[in-house]
Each structure stands twice: as C-alpha cells, then as structure tokens.
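Q: Need a 3D model of the following:
(chains A, B, C and D, ligands or ions: 2)
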Amino acid sequence: MRLLNWLNWLRKPKIKTGIGDYASTVPDNIWIKCESCQTLIYYHDLGENLKVCPHCNYHHRLTAPELLLQICDSGTFKEEDADLTSRDILRFKDTQSYAIKLKEAKKKTALSEAVITGLGQIGSFRVGLAVMDFSFLGGSMGSVVGEKLVRIIYKTMKENLPLIVICASGGARMQEGVLSLFQMAKINYALNDFSSNSLLYISVLTNPTTGGVTASFAYAADIVLAEEGALIGFAGPRVIEQTTKMKLPEGFQRANFLLDRGMIDRVVNRKALKATLTNILEFNYGR
Amino acid sequence: MRLLNWLNWLRKPKIKTGIGDYASTVPDNIWIKCESCQTLIYYHDLGENLKVCPHCNYHHRLTAPELLLQICDSGTFKEEDADLTSRDILRFKDTQSYAIKLKEAKKKTALSEAVITGLGQIGSFRVGLAVMDFSFLGGSMGSVVGEKLVRIIYKTMKENLPLIVICASGGARMQEGVLSLFQMAKINYALNDFSSNSLLYISVLTNPTTGGVTASFAYAADIVLAEEGALIGFAGPRVIEQTTKMKLPEGFQRANFLLDRGMIDRVVNRKALKATLTNILEFNYGR
Amino acid sequence: MEDKLTFELPLLEMEEKIRLLVEKEGETKNTAKLTLLLKKKEEEIYQNLTPWQVVQLARYQGRPRSLDYINMIFESFLELHGDRRFGDDPAIVGGLAFFNKHTVMVIAQQKGRGVDDNLFRRFGMPYPEGYRKAQRLMRLAEKMKIPLITLVDTPGAFPGIESEERGQAEAISLSISLMLSLQIPTVAVVIGEGGSGGALALASADKILMLKYSIFSVISPEGCAAILWKDEKYAEKAAGELKLTARDLWKLKIIDVIIEEPLRGAHYHPEQVARNISDSLSHHLNLLRSLPLDTLVQLRKEKYLKIGKL
Amino acid sequence: MEDKLTFELPLLEMEEKIRLLVEKEGETKNTAKLTLLLKKKEEEIYQNLTPWQVVQLARYQGRPRSLDYINMIFESFLELHGDRRFGDDPAIVGGLAFFNKHTVMVIAQQKGRGVDDNLFRRFGMPYPEGYRKAQRLMRLAEKMKIPLITLVDTPGAFPGIESEERGQAEAISLSISLMLSLQIPTVAVVIGEGGSGGALALASADKILMLKYSIFSVISPEGCAAILWKDEKYAEKAAGELKLTARDLWKLKIIDVIIEEPLRGAHYHPEQVARNISDSLSHHLNLLRSLPLDTLVQLRKEKYLKIGKL
Ligand SMILES: [Zn+2]
Ligand SMILES: [Zn+2]
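A: Numbering: from 1, shown residues only, chains lettered A, B, ... in the order given. Ligands and ions are numbered 1, 2, ... in the order given. Here you go, the predicted structure:
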C-alpha cells in the first residue's frame, strides 16, 4: 500500500474503502513473482486475493494497514497514540546507530512504530485492536510498542470491549536492551488486569511470530489463532539447528505443526480470518 | 499386627506404644521370606525395620494400624467414624455376595472398612488423617470409604489443620457399582472446599495405588509423596499390556518412574516418611 | 467390535420377510398383519431389555456420536484445539457454540465412525492431553461466564504407556475437581458409554442427563467379569450386577433425568433424539441460569456430598 | 565453555610470582610490596571492568550456583519435583525452605558443575516443563500465603526441537503472567546470567536484586553480534551496547538493588556473598511483608507499567 493511500484511509475514516483499494494504484498489468512457488501473478490478482498466492496458498506478508483494511469494517478504525515514537535511549550503535535505523524505518514504511493500535469494528462489533508490522524493524518490540499495547489494553478494558492483537514479530528490539525485554512483563501485567475483568482477548499469529512476542502477549490470549503457514516459535529455527546440531523436521514451527501439538486453537486461512474473528465476537456478544 | 494389639492400641490411646510393639507378640525366632528377594528374615527384624527388607529394600505392605503406629506420635491418634460400615446396597453377587465378602473382610482384618480416619499428631503437629488398608477388599473405595474421607476432610477443615491421606488401593469398589465411581467426585468436591480455605493437603501413595483412588484424591493433593517402589497408576499394568500389546518398560508405574515424569513431588523411603511429613508440617506451621 | 445387535435378530428376520412379501405381492392384509406383529415384537423386546442388551445398544457402532448431536443441537460450533501443553487429542472435542441464541461451551468425547476415524479418535478413549484441553476450555467458559455442556461417550480413558507417563490419573482428578469448582451452570449428557473415571472427568456436573439406552459404569462388564468371576464370559451377568443403566442410576439418585429414545434406539430417529436432548437441556439450563450463583454452588454441594447416602 | 577469566591473567601472574618468592625466601619486605601491588592491580581491574568482563564473571564456571546459595541462605530446603504434566526438569529446582524462621518458596535456575551435571541440567537452560514446575510451585506458595524467592541464573530457555514442540513460548508467557498475579510478596535475585525471556520467566517480581557481577540481557552478546554485526566476534562490543550489567539495570530503573560482591567475584568469598544476599533479602522481604496486600499489588502495578518510560 502506498503512503498516500494509507494516509487517506487513516485521515478520512468516513470514506468507504474496499479491500482492493490499496492495490488499485498499481497498474493491473504488473506481474510479480510468488515468494514461495515463484509463479508470476498479476499484482492486482494478488491484491484481490489478500496477497494469498492463488497457486500455492502462500500467505505473503501484509503490512499493518493492509491487515486493518482486511479485517476492519470499512472506515471504522480509529488509531490511538499515533504520535508515540521511539527514542534511542541507550544510544545503541551497531554498524549504524539505532536513531538512524528508526528514522529510516519510518521513512520506508510510513509508520511511526512496529504496531498500530486503536479501536474499530469487525463484523459490526466494536473491538480494541493492535496490529504489528514486520516491515518496521522486523516487527520488533521496543518500549513504544509495549507502551502502545498497554494503553490500548487499558482503553479497551475501560470500554468493556474484546481485544484482538495481530502479531508479526522477530521478538524484542535488541537496540533497547533490557528495556525491550521487560516490555514482556509490562504487557503481560496489563493483560492480567484485562483478563480479570472477564474480557475476551484473541491473538492472531502471522508469519513470523517469534521470540519475546511469542513468549508474552501472543500466548497470553484466551483464543490463539494462527495464519496458515505462519512460522511461530520461541527460538528461531537457525538457532535451534546450531544449538542442537539436528535437522529440523518438515514443517517445524509452522502453524499446522503447532496445531498438532496443541499449542493453538485454530489455523485460519487469511481469507477466512475476518469471518472467524466475527464468529468469535458473536460468541462474545451472545454470552 | 494382631487383632488384640490393634484393639488395645485403639482403645487405650493413653498407653505409650512403640513402633516395635506390634511385632512383639510374635516370637523373635520366627523366620519369614522377603516377598521380593526371597531372603529369610527374622520376623522381629523385619518389624523393627518397618517391614522394609534389610536386604533388598522392598517395602512390604503395611496395614493401616501399622502405618498409624509408624507415623503418629505415640498415643495421639483418635479414630473418627469407626462405626460407619458398608451395606450391600446393590445386592451385588459374583461368585459370592458382597455382603458375605464384607463380613469376611472385617473378620480377616479386624477393620470396619478399607480406611481408618481420625485426628492425631505427627512430630507434635496436629493433623487430620486417613489411612487406607489394602488388606480390606484391596483397599477398594466404596460409599463408606468416600463418606469417611469426606467427614474427616470437613472435620480437619473445621479445626484448621493440615490433612494427610495415605493411599493404598486397587481403585473403586466394583460391588457398589456407580456409587463407588461417584465417590471420586464426592471426595474431590470436599477437597475443593478444603483447599479454598488455604489448608495444606498431603497425599502419600503406597504400594499399590491405582484406579479411581489415583484419579481422584491421591492426585488432588498439594504435595504428593510416594513410597519407594510403590506401583502407582490409573490403569493396571495387565490391562495396559492387554490393550496395547506392548511390553511394559522396566520400572513402569513405579515411584521413581513417576518422579522422572514429573508426577510426584518426592519418593520417600518408609523409614524417612515420618521425618519428611514432620518437615512439611513444620513448613506449614512456619507460614 | 461387533456391528450387530444380536437380540434384534428376530426383528430383522421379520422385516426381511415383510420386505420380500411386499416385493412379491405388494402391501396386503397379510403384510399389514405381519407389520403389526413386528411392532408388537419390537415392543416386547424393548420393554424387556436386559442390562447387557442396553450395553450393546449404548456401544452400537451406528449410534449417533457427539459430533452428530452437536451439529443437530447447537449452532455455529467453533472447535477450539489443544491443551497448550503437549497435544490436541481428537478423542475429546470442544468449542464455542450457540444454544437457544446463547453462547455455551461444549466439550464432548468423540468416538469415531469407520476404521480410520476410530483409530484417529482412539475409539473415544482420551489421552491426558484430552482432559487438559477440556480443563482449558472449562476455564475459558468460566471466564466468559457461559454455561458448560458436556457430552459423555467413552469406554474409558485410554490405558496406554504414554497415558500413564503423562499422568492420566492426575488429568482425570484435576478435571473432576475443576468441573466441580466452576462458577457457571454445568450440564452433562451421557449419550452412549459412560466408562469409569474417564467419563466422570466430563460428567461431574450440576445436572446429569442420560439417554435411555446409554450406560454409566464403574468398570466395563467384561473387566468386572474378568476380575470377579475370573472369566470375561460372565460379562452379561456382571452387566446386571453393576447397575449401569439410566434407570438404575436414576434410582440411585445419581442422575437427574432419563431422556427418551425411540424403540430400537437413537440411531433410528437421531433428529428426534437430538430434539429430546435439546428440550431437556433447554429446561435444565434455564433452571440453572435462573439461580443465584451461591444457590447454584450450594445445590451442587448438596448433590455431590449426598452420593451414596441411601 | 572457557574456564579462565582472561582479564585476570595479570593478577594470576603476579600471584604466581609472589607464591614462588615466598616459597624461596619466605615473607619479606619484597613480597609484602608485591602483595600491595597486587591489591592495587586488583582494584584497578575491578574498578574498571568492561561489560564484557562482567559477562565473563557472570558466566564463570567457578561462580556459586543456585543450590550453593540455597544451602547457605536457607534452612531445611525440601525440594519438590515435577510439573505434574510431563516431566521434572533439573534445570529448575524448587521447594520449601525456612528463611529467618519463616517458610518461603524458593525457585531457582540451576546450572551444573562438571560435565555430567552440566549435561544433566542442560547448563541451566530450562525446558517448558521446568517453567510449568515453577508455575505449580508458585501457585502452592500463593495458596500457602508464603513469600516467593527466585534465583535467576540461565543463559536462556533451552532452544531445542522438543522445547518448541512442548510450547516453550507459552510456558514462559504464562510464567511471567502468573508471577505478576501472585497475591504474595515476590523477590528475584539475579546471581549470574539473566538470559532473555527464559530468565524473565522467574524474575517478574516485586523486587529484583542483582549481584554486582551478574548480568541481565535481552539477548546474549554473541547472539546480538551475529544478528546486528553479522559476526559473533563483535560480542564484546555488543555487551557494551546492550546495557546488561547490574549498574546499567539500576540506572534504567529496572532493578531495585545491586548486591555487593568482593573484588574478584562471588567465588572468592561465597559465604560473604550469601550473607549479603541474605541481608538484602531479609530487608526487602520484611518491607514487602509489612505492606497491606492491596498496596503490594498497587506498587507492583506501578513498577511494571512504568518500565521504559524514561
Ligand atoms: Zn505461490
Ligand atoms: Zn528382600
């Protein structure tokens, strides 16, 4: 999705936007290659199909705005805390300073952080929402991601609504050191409060969800859904291979692997995600 | 232990009784064979050693009175509900009627049921106690076993004491059909009440503890101890062998096997049982 | 597994005879008379079913399974998977559903249909992780403050090496304790075989309903016969002694209601039986829902503490 | 695992020199002077330790382990085993103990000593069942209304195929949530390596104390270097950037107290360090115990919700 589109969509929530809109600025006759099966697909067709490859069912990564477009009732999403942005508190520098990395990520993604939070409607039900974006520094969780999550958790709680968090993350943000690590505790604390109000929390794990995000709010949900084919785990596959010197089994850490091992409630095809969420929200409403 | 001894001990709780007493009516020079290693041992020596074979450490089964003598401070145990006895409600008859079996079990064991309940002291700490006796119809759990347990649970709760249950049972008592099955729910209900008063419940699993007893109060404890070598399981080994047509692994369902699989807190040698219980009671007192 | 109800053989013979006659001569006075006789014979057999015959009916392969009833009784069942610890046991299914427009949690033991499905679902014999999935869903129901409905249909918890390794006894014990502690209305429906502790783990409810031709037993008649008579052939005798029919349990004040089945069993009119279950569920859920929470808890306490005090 | 603190080589050389001199000449003015120089050099090195040197100290094989401290700080530690689900993980030990005559629950990550013990305890890297054992014991502590004390010392949760299969992420997440929800005072002491989420699972306490030469980090310096610099050799640099020393965490307001260690580290005077831990524990437990429960809960909330708001 282009920056312009995204801004339009965010600023004019009353304007009706269809799922296809975000792709409409790209000419229909542009081809792109499926990342999995390498088949050439019209960009338009891929967009119409929610970026799920029509040939091999591979779920290409969505940006947070794309995901919001997909699951929210058109024009209902209102972002919160869009102005919260990260600072380079530790003055962390690897080959580049964290400050510069932040600046570039913002420019590249047109996002202010790796998560968008707000209130919106799904299937006519009002919900609290947080959607992570892997394209912003690998969806990593720093202090601002933590703070935005905590704020939306309490805001959702105050309005007595269910909460949906769509995860996509490589884990904690190293450049914020132990501050990012402790966001896990901070967020889980807020979720404890949320839960003790009998409110429902649903997490959706998309490709990839690993590290500190998985080991905190991703698995603290009442109902855990996973997108088809998503990689989900605590340790990354390469780390495991290096540590154990073992070949990883076929499909290891993929959504269906985890379903078989009892770790998630359901595997959902992206095209069914909104319907499944709506279904659960109906159950929540019907109690 | 002889009937006479047991009655004396029960009726005159003020009289000091030592661990060795119950064996003292048997002449020292009588030999018996260890059930496990077949070594001949002086009956007196075996008794002095709490019926643990000095050669192979096999824990020979204790009767409930013997166990009470072992763990209770001398003369402190006061039995409750000794008069509660089972009736043949279903008029159950296999090769013999349940009514006759009951009568014979009472005669053989000098017990009124497969469990003795009461209040007593261990290491100077007052506790609620229930001790099962395998020699009474295989320690099977019928309605009266359930009722006696429920009564001692509530009595212990009323006195704000910790509860210790020593299990030895083949499971539910078939001759009371579904009434015995539902004792599992009845007892676990009472234990829920007990637990919600923040009172501590310790179970000790002795050889054997299987079936409905294991699947109810045995595993509903805060701390689960097992006597060395005790067979503990839901299904009996023969049933598992028949169903799965597999050879059972070495040591299957024995105390150490379960410790390795995280199912019990500690394996205890009988000679250390009283000390371990006292230790836990000290912790309970020190909170 | 035998697939025939042997005591129905006379009925099957008569049916076959009528079918052939109708084929040859069309419907005549003769066939009408025979049909009447058939009806009489049906009633005769079914009004005098022995406990062992009820056992056969309760286990009958063609009998509707939990998922059949779930589809007929509830709306938009959304299955939720896994114990979040170790695995997802297909011998126990559970999830959210609508019942009379209200959200409920449904947890059920599921026997298979056909060889593959039966192996997949281990003939409805759960693993510890099945009970732990049930516990997770029970907790979710309690958090959501929605009623819990369980369907019971199992020969018992699976007796295997892995079951023992992963704590079958602990899983059942905790399941019973948890179910009894839930601060929501709970109703269990025994639809086929209520086998021992493995069944009780899902049956420790405020109200226990039983289908007329279902059973609930401390041990299988075969197992009982093997132990007490030292011979499985005495299973039929044991079935009688064990008092395992719905009528027995009702007399023993363990269950609350017997749900009617048509002559020849639930598989003859599954929709009708589903309606019967639905009506009974509806009645009892409304009743339980109308109670203040402390009354609900008090009644449950009385129900369970009096068991066996006859 | 390297077994030498390379930055101590100058000290070791001086010590050897002094030892040889004393052997040859006895204690002389010369050796006294050298000893003084040694002391000075010690102070110089230890007052200017780099983060990477602290990492080496925190991981040092000779450093006292959890069970060493447990034996020195607590009385009659009674280990309780198992998660009652799947297994008993030796990388986490826990049980009841007395501290200042009061009953407490102690849960600790335990690294091994020697090859066999290290393999047995997986170098202190827990499996999911380790965290589930911890959860069970946390619940028992809450039920008994006794304080929870944790000792943190792990490179991280074990990254293995089985770990992922049995839900390492879920186990850590639930452990954090549960620890934060406990209605009892909780104190964590980081005694060596606080490695990532696997450490946080036992460190989400009311008060977090850290030994002076222990570390707490979002990722190992080596892992960080491999990802950000694409080269593990930058581990030393990464150690500096990550802000992982006790002093860093104190400045970042994540931990409450730095517990003093002698020059050259805890292994030089284990009893003294145990006393230091004991004193600090005593102080903080008394403080937490004196609070009404709702104040305790409120303070915990404030502590955790403000993290990162600098
Ligand atoms: Zn493709
Ligand atoms: Zn022997």
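
Q: ok, which stretches of the stretch 1-150 of chain C are strands?
A: Along the stretch 1-150 of chain C, counting by DSSP state E, counting those that start in this stretch, strands occupy C:75-79, C:92-99, C:102-109, C:148-154.

Q: from those strands, which stretch is densest packed?
A: Among the strands of the stretch 1-150 of chain C, strand C:148-154 has the highest mean neighbour count (mean count of other CB atoms under 10 Å in any protein chain shown), at a mean of 28. Using the backbone N, CA and C atoms, a C-beta is placed for each residue, glycine as well.

Q: that older thread, turn the strands of the stretch 1-150 of chain C into CSV, including distance to chain A and mean pLDDT.
A: Putting the strands of the stretch 1-150 of chain C into CSV (distance: least, CB to the nearest CB, whole Å; pLDDT from 0 to 100) gives the following:
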stretch, distance to chain A, mean pLDDT
strand C:75-79, 6, 97
strand C:92-99, 4, 98
strand C:102-109, 4, 98
strand C:148-154, 12, 98
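
Q: Look at the most centrally placed residue in chain C and report its pLDDT.
A: Taking CA atoms, centre = their mean, the centroid of chain C lies closest to C:Ile191, which sits 2.5 Å from it. Per-residue pLDDT puts C:Ile191 at 98.

Q: Show me what the one helix or strand it maps to packs onto, helices and strands only.
A: Assigned by DSSP states H and E, C:Ile191 falls within strand C:186-195. Helices and strands touching strand C:186-195, as assessed by 3 or more CB pairs under 8 Å, 6 or more residues apart in numbering or on different chains; DSSP states H and E, comprise helix C:51-59, strand C:148-154, helix C:196-200, strand C:207-211, strand C:215-217, helix C:270-290.

Q: could you give the angle of the second one to strand C:102-109?
A: Interaxial angle of strand C:148-154 relative to strand C:102-109 (axes from the mean of the first three to the mean of the last three CA atoms, to 10 degrees): 20 degrees.

Q: gap between the helix or strand following strand C:148-154 and the chain center?
A: Using DSSP H and E, the helix or strand that follows strand C:148-154 in sequence is helix C:161-165. Using CA atoms, centre = their mean, to the nearest Å, the distance from the centre of helix C:161-165 to the centre of the chain it belongs to is 25 Å.

Q: what ranges do the helices span in chain A?
A: A:3-11, A:43-48, A:64-71, A:98-109, A:143-158, A:177-181, A:183-195, A:211-214, A:237-244, A:255-260, A:270-285 (DSSP state H).

Q: Among those helices, show the one with the smallest mean pLDDT.
A: Among the helices of chain A, helix A:3-11 scores lowest, with a mean of 43.

Q: how many other residues sit next to residue 71?
A: I'll assume chain A. 26 (other CB atoms under 10 Å in any protein chain shown).

Q: should've been chain C
A: 13.

Q: now A:Leu259
A: Using other CB under 10 Å, the number of residues around A:Leu259 comes to 17.

Q: what's near enough to touch it?
A: Neighbouring residues of A:Leu259 by CB atoms under 8 Å, 6 or more residues apart in numbering or on different chains: A:Ala226, A:Arg266, A:Val267, C:His81, C:Gly82, C:Asp88.

Q: Test my guess that the second one contacts C:Asp88.
A: No - using CB atoms under 8 Å, A:Arg266 is not in contact with C:Asp88; the gap is 10.5 Å.

Q: what is in contact with those two at once?
A: A:Leu259, C:His81.

Q: Among those two, which residue is more densely surrounded?
A: Neighbours were tallied for A:Arg266 and for C:Asp88 using other CB under 10 Å; the higher tally belongs to C:Asp88 (24 against 20).

Q: quick one: the more buried one and C:Thr31, what's the gap?
A: Look at C:Asp88 and C:Thr31: by CB to CB, to the nearest Å, they are 52 Å apart.

Q: The residue nearest to A:Thr276 when sequence neighbours are not counted and chain D, how far apart?
A: Nearest non-adjacent residue to A:Thr276, counting by CB to CB, 6 or more residues apart in numbering or on different chains: A:Val268, 5.1 Å away. Taking CB to the nearest CB, to the nearest Å as the measure, A:Val268 and chain D are separated by 19 Å.

Q: Specify the beta-bridge partners of A:Val268.
A: A:Val268 forms beta bridges with A:Glu227, as assigned by DSSP bridges.

Q: and it, what is it in contact with?
A: Residues near A:Val268 by CB under 8 Å, 6+ apart: A:Val204, A:Leu225, A:Ala226, A:Glu227, A:Glu228, A:Thr276.

Q: that older thread, need the winner for burial among the helices of chain A.
A: helix A:211-214 (a mean of 31).

Q: list the helices and strands that one packs on?
A: Packing partners of helix A:211-214 (3+ CB pairs under 8 Å, 6+ apart): strand A:163-169, helix D:196-200.

Q: Let's see that with 6 Å instead.
A: Helices and strands touching helix A:211-214, as assessed by 3 or more CB pairs under 6 Å, 6 or more residues apart in numbering or on different chains; DSSP states H and E, are absent.

Q: how about it as CSV, C-alpha atoms only?
A: Listed next in CSV are the C-alpha coordinates belonging to helix A:211-214 (Å, rounded to 0.1, in the frame of the first residue of the first chain):
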residue,chain,number,x,y,z
GLY,A,211,11.0,-14.6,20.4
GLY,A,212,9.8,-12.3,23.1
VAL,A,213,6.4,-11.5,21.4
THR,A,214,5.5,-15.2,21.3
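
Q: what sits up against that helix?
A: Contact partners of helix A:211-214, identified using CB atoms under 6 Å, 6 or more residues apart in numbering or on different chains, comprise A:Met141, A:Cys167, A:Ser169, A:Gly171, A:Ala172, A:Met184, A:Phe234, D:Ala169, D:Gly197.

Q: can you check stretch C:168-175 too?
A: Contacts of stretch C:168-175 (CB under 6 Å, 6+ apart): B:214-216, B:219-220, B:234, C:128, C:131-132, C:134-135, C:157, C:197, C:201, D:84.

Q: What does whichever residue of the stretch 151-300 of chain C sits closest to chain A show for phi and psi?
A: Per CB to the nearest CB, C:Ile184 is where the stretch 151-300 of chain C lies closest to chain A, at 10.2 Å. Main-chain torsions, C:Ile184, degrees, to the nearest 10: phi -140, psi 160.

Q: Name all residues that make contact with it.
A: C:Ala141, C:Glu142, C:Pro147.

Q: Give me the pLDDT value at residue 161.
A: With no chain named, the answer covers chain A. At A:Leu161, pLDDT is 98.

Q: try again with chain C
A: 97.

Q: Those residues of the stretch 101-250 of chain C touching chain D, which are they?
A: Counting by CB under 6 Å from any CB of the partner chain, the positions of the stretch 101-250 of chain C adjacent to chain D are C:Glu170.

Q: just to revisit the earlier point, got the helices of chain A as JSON lines, with distance to C:Asn100 columns?
A: As requested, the helices of chain A are exported to JSON lines (distance: least, CB to CB, whole Å):
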{"stretch": "helix A:3-11", "distance to C:Asn100": "40"}
{"stretch": "helix A:43-48", "distance to C:Asn100": "39"}
{"stretch": "helix A:64-71", "distance to C:Asn100": "29"}
{"stretch": "helix A:98-109", "distance to C:Asn100": "48"}
{"stretch": "helix A:143-158", "distance to C:Asn100": "29"}
{"stretch": "helix A:177-181", "distance to C:Asn100": "48"}
{"stretch": "helix A:183-195", "distance to C:Asn100": "28"}
{"stretch": "helix A:211-214", "distance to C:Asn100": "38"}
{"stretch": "helix A:237-244", "distance to C:Asn100": "47"}
{"stretch": "helix A:255-260", "distance to C:Asn100": "31"}
{"stretch": "helix A:270-285", "distance to C:Asn100": "14"}
